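J.: with the sequence up front, the predicted model follows.
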Amino acid sequence: MEQTGNVQVYKPVEYTKLPSPLKELVTNARSDTGKTDADKAEVIGWIDKVAVGDAAKAENFQDLDAFLTPRTYVVSNYFTAADVALYGALHPTLSQLQPSQYYATPAITRYFDHIQLKPSVLSAARALSPAFSLVTFDLDSAPKIERKAELPKKKEKPPKPTDQQPQGTENAENVRDTEVSKEGATKPPKEKKEKKEKNKDTGAATQAEGSKKKGGTAPANKPAEDDGEPVPSMIDMRVGHIVDVKKHPDADSLYIEQIDLGEETGPRTVVSGLSRMRDKYLVAICNLKPANMRGVKSFAMVLAATSKDGKEGGIELIQPPPGAKPGDRVYFEGPEYENAQPLSQLNPKKKIFETIQPGFTTLETKEAAWINPDTKSVHRIRTKDGVCVAPTFVGASLS
(Lines give C-alpha, C1' and ligand atoms only; values in the text may rest on other atoms or scores of the structure.)
Protein backbone atom coordinates (compact mmCIF):
# COMPACT_ATOMS: atom_id res chain seq x y z
CA MET A 1 0.00 0.00 0.00
CA GLU A 2 1.27 3.49 -0.88
CA GLN A 3 0.02 6.81 0.44
CA THR A 4 -0.24 9.79 -1.91
CA GLY A 5 -1.25 12.88 0.02
CA ASN A 6 -4.33 11.81 2.00
CA VAL A 7 -5.26 9.05 -0.46
CA GLN A 8 -4.26 5.43 0.15
CA VAL A 9 -3.52 3.52 -3.05
CA TYR A 10 -3.42 -0.30 -2.99
CA LYS A 11 -1.00 -1.89 -5.42
CA PRO A 12 -2.36 -4.76 -7.49
CA VAL A 13 -1.03 -8.23 -6.67
CA GLU A 14 2.10 -8.78 -8.75
CA TYR A 15 3.43 -12.15 -9.83
CA THR A 16 6.84 -10.95 -11.07
CA LYS A 17 8.60 -12.64 -8.13
CA LEU A 18 7.33 -16.05 -9.25
CA PRO A 19 9.53 -18.14 -11.52
CA SER A 20 8.37 -19.18 -14.99
CA PRO A 21 6.20 -21.04 -15.91
CA LEU A 22 4.48 -20.65 -12.50
CA LYS A 23 4.18 -16.90 -13.09
CA GLU A 24 2.33 -17.50 -16.37
CA LEU A 25 0.07 -20.13 -14.75
CA VAL A 26 -1.08 -17.73 -12.02
CA THR A 27 -1.47 -14.84 -14.47
CA ASN A 28 -3.45 -16.85 -17.04
CA ALA A 29 -5.78 -18.41 -14.43
CA ARG A 30 -7.16 -14.89 -13.77
CA SER A 31 -8.28 -15.77 -10.26
CA ASP A 32 -9.42 -13.43 -7.51
CA THR A 33 -6.69 -11.46 -5.72
CA GLY A 34 -8.77 -10.77 -2.60
CA LYS A 35 -12.18 -9.26 -1.92
CA THR A 36 -11.00 -7.28 1.12
CA ASP A 37 -7.75 -5.54 2.03
CA ALA A 38 -7.05 -8.22 4.64
CA ASP A 39 -7.62 -11.01 2.10
CA LYS A 40 -5.45 -9.22 -0.45
CA ALA A 41 -2.64 -9.01 2.10
CA GLU A 42 -2.95 -12.76 2.73
CA VAL A 43 -2.83 -13.51 -0.99
CA ILE A 44 0.34 -11.43 -1.34
CA GLY A 45 1.81 -13.27 1.66
CA TRP A 46 1.19 -16.66 0.04
CA ILE A 47 2.60 -15.46 -3.31
CA ASP A 48 5.75 -14.35 -1.47
CA LYS A 49 6.03 -17.71 0.34
CA VAL A 50 5.74 -19.57 -2.94
CA ALA A 51 8.27 -17.25 -4.61
CA VAL A 52 10.98 -17.99 -2.02
CA GLY A 53 10.16 -21.71 -2.04
CA ASP A 54 8.92 -22.03 1.56
CA ALA A 55 5.29 -22.96 0.87
CA ALA A 56 5.80 -26.31 -0.85
CA LYS A 57 8.89 -27.81 0.79
CA ALA A 58 8.49 -31.55 1.33
CA GLU A 59 9.80 -31.27 4.91
CA ASN A 60 6.90 -28.90 5.68
CA PHE A 61 4.20 -31.19 4.29
CA GLN A 62 2.89 -32.33 7.69
CA ASP A 63 2.39 -28.72 8.82
CA LEU A 64 0.76 -27.81 5.51
CA ASP A 65 -1.49 -30.88 5.72
CA ALA A 66 -2.65 -29.85 9.20
CA PHE A 67 -3.27 -26.30 7.96
CA LEU A 68 -5.37 -27.51 5.01
CA THR A 69 -7.38 -30.12 6.92
CA PRO A 70 -10.27 -27.80 7.89
CA ARG A 71 -9.94 -25.59 4.79
CA THR A 72 -11.12 -25.59 1.19
CA TYR A 73 -8.93 -22.66 0.14
CA VAL A 74 -5.88 -21.04 1.75
CA VAL A 75 -7.37 -17.53 1.98
CA SER A 76 -10.85 -17.02 3.43
CA ASN A 77 -13.53 -19.29 1.91
CA TYR A 78 -13.10 -18.61 -1.82
CA PHE A 79 -10.69 -19.42 -4.65
CA THR A 80 -7.82 -16.94 -5.11
CA ALA A 81 -4.50 -16.52 -6.90
CA ALA A 82 -2.83 -17.90 -3.75
CA ASP A 83 -4.43 -21.29 -4.46
CA VAL A 84 -3.13 -21.30 -8.05
CA ALA A 85 0.36 -20.39 -6.86
CA LEU A 86 0.39 -23.08 -4.16
CA TYR A 87 -0.98 -25.69 -6.58
CA GLY A 88 1.76 -24.83 -9.10
CA ALA A 89 4.46 -24.99 -6.42
CA LEU A 90 3.22 -28.39 -5.19
CA HIS A 91 2.93 -29.88 -8.71
CA PRO A 92 6.58 -30.98 -9.20
CA THR A 93 6.53 -32.92 -5.91
CA LEU A 94 3.01 -34.38 -5.96
CA SER A 95 3.31 -35.52 -9.58
CA GLN A 96 6.18 -37.82 -8.51
CA LEU A 97 4.66 -39.32 -5.36
CA GLN A 98 3.57 -42.94 -5.06
CA PRO A 99 0.11 -43.72 -3.56
CA SER A 100 1.54 -44.65 -0.14
CA GLN A 101 3.25 -41.25 -0.04
CA TYR A 102 0.31 -39.05 -0.99
CA TYR A 103 -2.01 -41.09 1.26
CA ALA A 104 0.15 -39.85 4.16
CA THR A 105 -0.99 -36.25 3.56
CA PRO A 106 -4.69 -36.62 2.67
CA ALA A 107 -5.57 -32.93 3.10
CA ILE A 108 -2.84 -31.81 0.67
CA THR A 109 -3.91 -34.46 -1.85
CA ARG A 110 -7.59 -33.50 -1.57
CA TYR A 111 -6.75 -29.78 -1.85
CA PHE A 112 -4.38 -30.23 -4.81
CA ASP A 113 -6.88 -32.37 -6.73
CA HIS A 114 -9.66 -29.84 -6.05
CA ILE A 115 -7.58 -26.90 -7.35
CA GLN A 116 -6.19 -28.68 -10.42
CA LEU A 117 -9.75 -29.45 -11.60
CA LYS A 118 -10.89 -25.82 -11.44
CA PRO A 119 -11.83 -24.83 -15.04
CA SER A 120 -9.61 -21.73 -15.04
CA VAL A 121 -6.65 -23.74 -13.72
CA LEU A 122 -7.22 -26.55 -16.24
CA SER A 123 -7.27 -24.02 -19.08
CA ALA A 124 -4.13 -22.20 -17.89
CA ALA A 125 -2.30 -25.50 -17.30
CA ARG A 126 -3.13 -26.85 -20.78
CA ALA A 127 -1.60 -23.75 -22.36
CA LEU A 128 1.65 -24.47 -20.51
CA SER A 129 1.69 -28.25 -21.11
CA PRO A 130 3.51 -30.40 -20.11
CA ALA A 131 4.69 -28.28 -17.16
CA PHE A 132 1.43 -28.69 -15.22
CA SER A 133 -0.01 -31.91 -16.58
CA LEU A 134 -3.01 -33.41 -14.77
CA VAL A 135 -1.99 -35.58 -11.81
CA THR A 136 -4.10 -38.72 -11.32
CA PHE A 137 -4.62 -40.01 -7.78
CA ASP A 138 -5.77 -43.52 -6.87
CA LEU A 139 -8.24 -42.31 -4.26
CA ASP A 140 -10.40 -45.44 -4.43
CA SER A 141 -7.64 -47.43 -2.72
CA ALA A 142 -6.91 -44.79 -0.10
CA PRO A 143 -7.16 -46.05 3.50
CA LYS A 144 -10.52 -45.19 4.99
CA ILE A 145 -10.54 -42.62 7.78
CA GLU A 146 -13.04 -43.80 10.39
CA ARG A 147 -14.99 -40.85 11.74
CA LYS A 148 -16.72 -41.62 15.01
CA ALA A 149 -20.10 -40.07 15.61
CA GLU A 150 -20.26 -37.77 18.60
CA LEU A 151 -22.48 -39.21 21.30
CA PRO A 152 -24.22 -37.09 23.90
CA LYS A 153 -22.19 -36.83 27.08
CA LYS A 154 -23.70 -38.57 30.09
CA LYS A 155 -23.66 -36.76 33.38
CA GLU A 156 -21.89 -38.67 36.11
CA LYS A 157 -23.85 -38.81 39.33
CA PRO A 158 -21.87 -37.69 42.37
CA PRO A 159 -21.16 -40.48 44.88
CA LYS A 160 -23.75 -40.76 47.62
CA PRO A 161 -22.51 -39.62 51.04
CA THR A 162 -21.93 -42.51 53.42
CA ASP A 163 -23.92 -42.69 56.63
CA GLN A 164 -21.30 -44.75 58.41
CA GLN A 165 -20.02 -43.32 61.69
CA PRO A 166 -17.11 -44.32 63.86
CA GLN A 167 -17.99 -46.99 66.39
CA GLY A 168 -18.99 -45.68 69.79
CA THR A 169 -20.33 -42.35 68.53
CA GLU A 170 -23.85 -43.42 67.55
CA ASN A 171 -25.38 -42.69 70.97
CA ALA A 172 -23.67 -39.32 71.22
CA GLU A 173 -24.90 -38.33 67.77
CA ASN A 174 -28.44 -39.51 68.60
CA VAL A 175 -28.41 -37.44 71.79
CA ARG A 176 -27.27 -34.38 69.84
CA ASP A 177 -29.96 -34.93 67.19
CA THR A 178 -32.60 -35.21 69.91
CA GLU A 179 -31.43 -31.99 71.56
CA VAL A 180 -31.40 -30.16 68.23
CA SER A 181 -34.89 -31.29 67.34
CA LYS A 182 -36.19 -30.21 70.74
CA GLU A 183 -34.80 -26.72 70.29
CA GLY A 184 -36.50 -26.49 66.92
CA ALA A 185 -33.26 -26.19 64.93
CA THR A 186 -34.46 -28.48 62.16
CA LYS A 187 -35.77 -25.51 60.13
CA PRO A 188 -32.62 -24.75 58.09
CA PRO A 189 -33.10 -27.82 55.82
CA LYS A 190 -36.60 -26.54 55.07
CA GLU A 191 -35.19 -23.12 54.17
CA LYS A 192 -32.69 -24.80 51.87
CA LYS A 193 -35.52 -26.53 50.09
CA GLU A 194 -37.38 -23.25 49.73
CA LYS A 195 -34.26 -21.60 48.28
CA LYS A 196 -33.82 -24.47 45.86
CA GLU A 197 -37.42 -24.11 44.63
CA LYS A 198 -36.96 -20.35 44.30
CA ASN A 199 -33.79 -20.77 42.25
CA LYS A 200 -35.54 -23.31 40.07
CA ASP A 201 -38.37 -20.85 39.37
CA THR A 202 -35.91 -18.02 38.66
CA GLY A 203 -33.93 -20.22 36.24
CA ALA A 204 -37.09 -21.25 34.41
CA ALA A 205 -38.15 -17.61 34.07
CA THR A 206 -34.71 -16.62 32.73
CA GLN A 207 -34.79 -19.45 30.18
CA ALA A 208 -38.30 -18.49 29.05
CA GLU A 209 -37.21 -14.87 28.61
CA GLY A 210 -34.09 -15.93 26.67
CA SER A 211 -36.18 -18.02 24.28
CA LYS A 212 -37.99 -14.88 23.17
CA LYS A 213 -34.82 -13.35 21.76
CA LYS A 214 -34.21 -13.79 18.03
CA GLY A 215 -30.81 -14.55 16.52
CA GLY A 216 -28.84 -16.59 14.03
CA THR A 217 -26.44 -18.24 16.45
CA ALA A 218 -26.97 -21.16 18.78
CA PRO A 219 -27.13 -20.29 22.49
CA ALA A 220 -24.33 -21.49 24.72
CA ASN A 221 -26.43 -24.00 26.62
CA LYS A 222 -26.48 -27.76 26.87
CA PRO A 223 -27.72 -29.86 23.89
CA ALA A 224 -31.47 -30.32 23.67
CA GLU A 225 -33.09 -33.35 25.22
CA ASP A 226 -35.04 -35.69 22.94
CA ASP A 227 -37.87 -36.08 25.45
CA GLY A 228 -41.35 -35.06 24.34
CA GLU A 229 -42.73 -34.47 20.85
CA PRO A 230 -40.26 -34.06 17.94
CA VAL A 231 -39.68 -30.42 16.94
CA PRO A 232 -37.71 -29.06 13.93
CA SER A 233 -35.04 -27.39 16.08
CA MET A 234 -33.80 -30.84 17.14
CA ILE A 235 -32.32 -31.19 13.62
CA ASP A 236 -28.73 -29.95 13.19
CA MET A 237 -28.47 -28.28 9.77
CA ARG A 238 -25.36 -26.52 8.47
CA VAL A 239 -23.98 -24.98 5.28
CA GLY A 240 -21.65 -27.34 3.42
CA HIS A 241 -19.30 -27.03 0.44
CA ILE A 242 -18.54 -30.05 -1.74
CA VAL A 243 -14.81 -30.23 -2.34
CA ASP A 244 -14.57 -33.66 -3.97
CA VAL A 245 -16.87 -36.17 -5.69
CA LYS A 246 -16.22 -39.67 -7.00
CA LYS A 247 -18.31 -42.61 -8.15
CA HIS A 248 -19.21 -45.22 -5.57
CA PRO A 249 -17.12 -48.32 -6.41
CA ASP A 250 -20.01 -50.73 -5.71
CA ALA A 251 -23.10 -48.75 -6.76
CA ASP A 252 -23.63 -47.13 -10.16
CA SER A 253 -26.27 -44.71 -8.89
CA LEU A 254 -24.35 -43.46 -5.83
CA TYR A 255 -21.58 -40.87 -5.41
CA ILE A 256 -19.13 -40.31 -2.57
CA GLU A 257 -18.68 -36.65 -1.69
CA GLN A 258 -16.28 -34.89 0.63
CA ILE A 259 -18.21 -31.99 2.19
CA ASP A 260 -16.55 -29.15 4.06
CA LEU A 261 -18.76 -28.29 7.07
CA GLY A 262 -16.29 -25.94 8.72
CA GLU A 263 -15.09 -28.61 11.17
CA GLU A 264 -11.52 -28.86 12.47
CA THR A 265 -11.51 -32.56 11.61
CA GLY A 266 -11.87 -31.73 7.91
CA PRO A 267 -14.55 -32.64 5.34
CA ARG A 268 -17.14 -35.34 6.09
CA THR A 269 -17.71 -38.31 3.80
CA VAL A 270 -21.28 -38.25 2.49
CA VAL A 271 -22.90 -40.73 0.09
CA SER A 272 -25.79 -39.54 -2.10
CA GLY A 273 -27.46 -40.19 -5.43
CA LEU A 274 -26.83 -36.70 -6.80
CA SER A 275 -24.21 -36.21 -9.52
CA ARG A 276 -22.29 -33.20 -10.89
CA MET A 277 -22.04 -31.64 -7.45
CA ARG A 278 -18.36 -30.67 -7.16
CA ASP A 279 -17.84 -27.15 -5.74
CA LYS A 280 -21.55 -26.72 -4.88
CA TYR A 281 -22.77 -25.09 -1.68
CA LEU A 282 -25.63 -26.88 0.07
CA VAL A 283 -27.49 -27.55 3.30
CA ALA A 284 -26.50 -30.71 5.17
CA ILE A 285 -28.25 -32.51 8.02
CA CYS A 286 -25.42 -33.35 10.39
CA ASN A 287 -26.86 -35.23 13.36
CA LEU A 288 -28.38 -38.30 11.74
CA LYS A 289 -26.85 -41.57 12.83
CA PRO A 290 -24.03 -42.49 10.36
CA ALA A 291 -25.33 -44.94 7.74
CA ASN A 292 -23.51 -47.64 5.81
CA MET A 293 -24.21 -47.11 2.09
CA ARG A 294 -23.02 -50.16 0.17
CA GLY A 295 -19.83 -50.47 2.20
CA VAL A 296 -19.11 -46.72 2.61
CA LYS A 297 -20.16 -44.94 5.80
CA SER A 298 -22.03 -41.67 5.26
CA PHE A 299 -21.79 -39.03 8.01
CA ALA A 300 -24.45 -36.52 6.92
CA MET A 301 -27.37 -36.11 4.54
CA VAL A 302 -27.70 -33.56 1.73
CA LEU A 303 -31.00 -31.62 1.83
CA ALA A 304 -32.57 -31.74 -1.64
CA ALA A 305 -35.91 -30.68 -3.16
CA THR A 306 -37.92 -33.22 -5.17
CA SER A 307 -40.40 -31.82 -7.71
CA LYS A 308 -44.08 -32.03 -6.77
CA ASP A 309 -44.38 -34.25 -9.86
CA GLY A 310 -42.05 -36.78 -8.24
CA LYS A 311 -38.49 -37.79 -9.06
CA GLU A 312 -39.39 -37.78 -12.76
CA GLY A 313 -39.83 -34.01 -12.42
CA GLY A 314 -36.29 -33.62 -11.10
CA ILE A 315 -34.27 -33.10 -7.92
CA GLU A 316 -32.47 -29.91 -6.89
CA LEU A 317 -30.09 -29.00 -4.08
CA ILE A 318 -31.41 -26.59 -1.48
CA GLN A 319 -29.05 -23.62 -1.76
CA PRO A 320 -27.87 -21.45 1.14
CA PRO A 321 -27.96 -17.65 0.65
CA PRO A 322 -25.07 -15.76 -0.99
CA GLY A 323 -22.23 -15.14 1.44
CA ALA A 324 -22.87 -18.29 3.49
CA LYS A 325 -19.75 -20.12 4.65
CA PRO A 326 -19.14 -23.81 5.42
CA GLY A 327 -20.30 -24.54 8.96
CA ASP A 328 -22.81 -21.67 9.14
CA ARG A 329 -25.83 -22.64 11.24
CA VAL A 330 -29.09 -23.25 9.36
CA TYR A 331 -32.25 -22.87 11.42
CA PHE A 332 -36.03 -22.42 11.33
CA GLU A 333 -37.60 -18.98 11.72
CA GLY A 334 -39.74 -18.44 14.80
CA PRO A 335 -38.90 -17.51 18.40
CA GLU A 336 -39.44 -21.09 19.58
CA TYR A 337 -36.84 -22.45 17.14
CA GLU A 338 -34.28 -19.75 16.31
CA ASN A 339 -32.26 -20.01 19.52
CA ALA A 340 -32.91 -23.66 20.30
CA GLN A 341 -30.00 -26.10 20.47
CA PRO A 342 -30.16 -29.18 18.17
CA LEU A 343 -29.60 -32.69 19.46
CA SER A 344 -26.05 -34.01 19.22
CA GLN A 345 -27.49 -37.06 17.41
CA LEU A 346 -31.04 -37.98 16.44
CA ASN A 347 -32.23 -41.22 18.00
CA PRO A 348 -33.36 -43.40 15.05
CA LYS A 349 -35.81 -45.27 17.31
CA LYS A 350 -37.74 -42.05 17.99
CA LYS A 351 -38.20 -41.22 14.27
CA ILE A 352 -37.62 -37.50 14.88
CA PHE A 353 -36.57 -36.57 11.34
CA GLU A 354 -39.23 -38.85 9.82
CA THR A 355 -41.90 -37.07 11.90
CA ILE A 356 -40.77 -33.54 10.94
CA GLN A 357 -39.84 -34.17 7.27
CA PRO A 358 -43.39 -34.29 5.78
CA GLY A 359 -43.73 -30.58 6.67
CA PHE A 360 -40.66 -29.61 4.60
CA THR A 361 -41.56 -27.81 1.36
CA THR A 362 -40.76 -24.88 -0.94
CA LEU A 363 -43.08 -21.85 -1.01
CA GLU A 364 -44.34 -19.86 -4.00
CA THR A 365 -41.15 -17.82 -3.62
CA LYS A 366 -39.11 -21.08 -3.93
CA GLU A 367 -37.95 -20.50 -0.33
CA ALA A 368 -37.38 -23.63 1.76
CA ALA A 369 -39.66 -23.88 4.79
CA TRP A 370 -41.30 -26.15 7.35
CA ILE A 371 -45.08 -25.89 7.76
CA ASN A 372 -46.42 -26.91 11.15
CA PRO A 373 -49.06 -29.60 10.40
CA ASP A 374 -51.18 -28.55 13.42
CA THR A 375 -51.10 -24.74 13.31
CA LYS A 376 -50.21 -24.35 9.60
CA SER A 377 -47.67 -21.71 10.62
CA VAL A 378 -44.79 -21.26 8.14
CA HIS A 379 -41.20 -21.33 9.34
CA ARG A 380 -38.65 -20.52 6.64
CA ILE A 381 -35.26 -22.29 6.66
CA ARG A 382 -32.43 -19.77 6.80
CA THR A 383 -28.96 -18.71 7.93
CA LYS A 384 -27.99 -15.38 9.45
CA ASP A 385 -27.39 -14.14 5.87
CA GLY A 386 -30.79 -14.99 4.38
CA VAL A 387 -33.27 -17.70 3.43
CA CYS A 388 -32.33 -21.00 1.73
CA VAL A 389 -34.00 -21.65 -1.65
CA ALA A 390 -34.60 -24.22 -4.37
CA PRO A 391 -33.45 -22.93 -7.79
CA THR A 392 -36.74 -23.57 -9.64
CA PHE A 393 -39.18 -25.76 -7.66
CA VAL A 394 -42.38 -24.57 -5.99
CA GLY A 395 -44.29 -26.94 -3.71
CA ALA A 396 -41.44 -29.42 -3.64
CA SER A 397 -40.84 -31.92 -0.85
CA LEU A 398 -37.49 -31.79 0.93
CA SER A 399 -35.46 -34.75 2.11
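T.: Ah, there it is. Numbering: from 1, shown residues only.

J.: so how far is the helix or strand that contains Phe61 from its chain's centroid?
T.: Secondary-structure element containing Phe61, defined by DSSP states H and E: helix 61-68. Here the centre of helix 61-68 is set off from its chain's centre by 20 Å, with CA atoms, centre = their mean, to the nearest Å.

J.: for it, packing partners?
T.: Identification of packing neighbours for helix 61-68 by 3 or more CB pairs under 8 Å, 6 or more residues apart in numbering; DSSP states H and E yields helix 106-116. Bear in mind the C-beta positions are built from the backbone N, C-alpha and C, glycine included.

J.: next SSE downstream of the helix it packs on?
T.: helix 119-127.

J.: now that following helix: mean pLDDT?
T.: The average pLDDT for helix 119-127 rounds to 91.

J.: buried set for it?
T.: Of the residues in helix 119-127, those buried by neighbour count under the rule 16 or more other CB atoms under 10 Å are Val121, Ala124, Ala125.

J.: repeat for stretch 36-52
T.: Neighbour-count burial for stretch 36-52 [16+ other CB under 10 Å]: Asp39, Lys40, Glu42, Val43, Ile44, Trp46, Ile47, Lys49, Val50, Ala51.

J.: among these, which lie within helices?
T.: Cross-referencing the buried residues of stretch 36-52 with the helices (criterion: DSSP state H) gives Asp39, Lys40, Glu42, Val43, Ile44, Trp46, Ile47, Lys49, Val50, Ala51 as the overlap.

J.: do you know how far the fourth one is from Val74?
T.: What it means is Val43. Separation of Val43 from Val74 (CB to CB, to the nearest Å): 9 Å.

J.: same thing with Tyr255?
T.: 26 Å.

J.: and those two? Which one has more around it.
T.: Neighbours per residue, other CB atoms under 10 Å: of Tyr255 and Val74, the larger number sits with Val74, 23 against 19.

J.: can you tell me the element the more buried one falls in?
T.: Per DSSP H and E: nothing holds Val74, as it lies in no helix or strand.

J.: surely it meets Val84?
T.: No - using CB atoms under 8 Å, Val74 is not in contact with Val84; the gap is 10.4 Å.

J.: anything in contact with each of Val43 and Val74?
T.: In the contact map built from CB atoms under 8 Å, 6 or more residues apart in numbering, the residues linked to both Val43 and Val74 are Thr80, Ala82.

J.: thinking again about what came up before, okay, the buried residues of stretch 36-52 in JSON lines with distance to Leu97 next?
T.: Supplementary listing: these in JSON lines, determined by distance: CB to CB, whole Å:
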{"residue": "Asp39", "distance to Leu97": "31"}
{"residue": "Lys40", "distance to Leu97": "32"}
{"residue": "Glu42", "distance to Leu97": "27"}
{"residue": "Val43", "distance to Leu97": "27"}
{"residue": "Ile44", "distance to Leu97": "29"}
{"residue": "Trp46", "distance to Leu97": "22"}
{"residue": "Ile47", "distance to Leu97": "24"}
{"residue": "Lys49", "distance to Leu97": "21"}
{"residue": "Val50", "distance to Leu97": "19"}
{"residue": "Ala51", "distance to Leu97": "23"}
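
J.: which one of the residues you listed sits closest to Leu25?
T.: Using CB to CB, Val50 comes nearest to Leu25 of the buried residues of stretch 36-52, at 11.0 Å.

J.: and the closest one, what does it touch?
T.: Listed by CB under 8 Å, 6+ apart, the contact partners of Val50 are Leu18, Leu22, Ala56, Ala85, Leu86, Gly88, Ala89.

J.: now do the helices in this structure.
T.: Ranges of helices within the chain are 22-29, 37-52, 61-68, 81-94, 99-102, 106-116, 119-127, 170-182, 187-210, 352-356, based on DSSP H.

J.: which of those helices comes out lowest on mean pLDDT?
T.: Of all these, the minimum mean pLDDT falls on helix 170-182 (a mean of 41).

J.: in contact with the most centrally placed residue in the chain: list those residues for me.
T.: For the chain, Leu261 is the residue whose C-alpha lies nearest the centre (CA atoms, centre = their mean; 2.3 Å). Counting by CB under 8 Å, 6+ apart, Leu261 makes contact with Arg238, Val239, Gly240, Pro267, Arg268, Ala284, Cys286, Ala300, Pro326, Gly327.
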